[in-house]
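Novice: Sequence plus the predicted model coming up.
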Amino acid sequence: MRREGEVVLIYYQDQPGIFARIESIEPDIKKDWYHVTLLLLTLPTQPITWILRESYIDGAPFTMGGRPMRLEEVKRVLPEKSSSNGDGDKGPHKVGKVIPFKKL
């Protein structure tokens, strides 16, 4: 099951709609249902709470008001380690040299 702090992409009618961060997942009074509080990453941010089954939190499609929805995990992208190939390319994945300022 997804965890608090994870970022998900909310699909609305089979189209990517908005990113959200999972703020909390708390059990509902009904067995196998959860109150999922999401922080919609809009300007301004907006918190919402949905009551979902565990499978819906994990990405299974569901409907709200007859409209298809689903949550998709957003994979974390880690920066690649730079390897010097000697061509002098200063592309976005290259690390530059830090030159400290010296007092005169």
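Specialist: Cool, the structure landed. Residues are numbered from 1 along each chain as shown.

Novice: Where do the strands of this structure begin and end?
Specialist: In chain order, the chain shows strands spanning 7-12, 15-27, 33-40, 46-53, 62-64, 67-73, with DSSP state E as the criterion.

Novice: any chance of those strands in a markdown table, plus mean pLDDT, mean neighbour count and distance to Lys81?
Specialist: (Glycine included, C-beta is placed from N, CA and C.) Output for the strands of the chain, formatted as a markdown table (pLDDT from 0 to 100; neighbours: other CB atoms under 10 Å; distance: least, CB to CB, whole Å):
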| stretch | mean pLDDT | mean neighbour count | distance to Lys81 |
| --- | --- | --- | --- |
| strand 7-12 | 96 | 16 | 24 |
| strand 15-27 | 96 | 14 | 27 |
| strand 33-40 | 96 | 18 | 32 |
| strand 46-53 | 96 | 14 | 37 |
| strand 62-64 | 95 | 11 | 40 |
| strand 67-73 | 95 | 15 | 24 |
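
Novice: is Pro16 in a bridge, and if so with what?
Specialist: Using DSSP bridges, the bridge partners assigned to Pro16 are Tyr11.

Novice: And the one 5 residues further on, by the same measure?
Specialist: With beta bridges defined as DSSP bridges, Arg21 has these partners: Val7, Leu39.

Novice: where's it relative to Tyr56, distance?
Specialist: Counting by CB to CB, to the nearest Å, the separation of Arg21 from Tyr56 is 17 Å.
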